[in-house]
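Visitor: Quick one, fold the following:
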Amino acid sequence: MDGTEEKWRETGAVSLPKPDTLVPWDTIKAESDGGRSIVLGWVKAKIEADAAVMGGPTVSDIEKKVDDAIAELNAPTTAEGTPWTVSE
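Guide: Below you'll find the predicted structure:
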């Protein structure tokens with residue numbers, strides 16, 4: 001996000017196994033950020049575990065990809081057209 005404007009979105013799916021001990025929904029809802037940090041912790045841990053076992057991107061890889069995409073949007077290194085043509 002850049003203020004209220006969404007600059008880039010990376011999507012994917014993570015399957016979380018059912019834990020031996022469930023966290024009550026009220027605990028997640030009671031967190032100051034609406035449980036976002038709890039759930040992100042689970043997702044990031046699963047991504048790291050999957051990357052260690054099966055390969056694939058780590059959390060750092062995904063975050064870097066998003067950061068790089070936003071940097072390219074904010075300061076493009078390529079353009080279309082010809083340098084002598086003014087785009088409208």
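Visitor: Determine the longest helix present in this structure.
Guide: When the chain is parsed with DSSP state H, its longest helix is helix 36-54.
Visitor: helices and strands around it, which ones?
Guide: Packed against helix 36-54 by the contact rule (3 or more Cβ pairs under 8 Å, 6 or more residues apart in numbering; DSSP states H and E) you find helix 25-30, helix 59-74. The way it works is simple: take the backbone N, C-alpha and C, and place the C-beta from them, glycine included.
Visitor: so how far is the last one from its chain's centroid?
Guide: When distances are taken as Cα atoms, centre = their mean, to the nearest Å, helix 59-74 is centred 9 Å away from the chain's centroid.
Visitor: in it, what counts as buried?
Guide: Along helix 59-74, these residues count as buried under the neighbour rule (16 or more other Cβ atoms under 10 Å): Ile62.
Visitor: do the same with the shortest one
Guide: For helix 25-30, the neighbour count (16+ other Cβ under 10 Å) marks no residue as buried.
Visitor: I'd like the mean pLDDT over it, please.
Guide: Per-residue pLDDT over helix 25-30 has a mean of 87.
Visitor: Output the contacting helices and strands for it.
Guide: By 3+ Cβ pairs under 8 Å, 6+ apart, helix 25-30 packs against helix 36-54.
Visitor: sorry, back to before: any idea which of the helices and strands packed on helix 36-54 has the lowest pLDDT on average?
Guide: Among the helices and strands packed on helix 36-54, helix 25-30 scores lowest, at a mean of 87.
Visitor: follow-up on the earlier one: what residues does the longest helix of the chain touch?
Guide: 14-16, 23, 27-28, 31, 56-59, 61-62 (Cβ atoms under 8 Å, 6 or more residues apart in numbering).
Visitor: same question for it, mean pLDDT?
Guide: Confidence over helix 36-54 (mean pLDDT, whole number) is 94.
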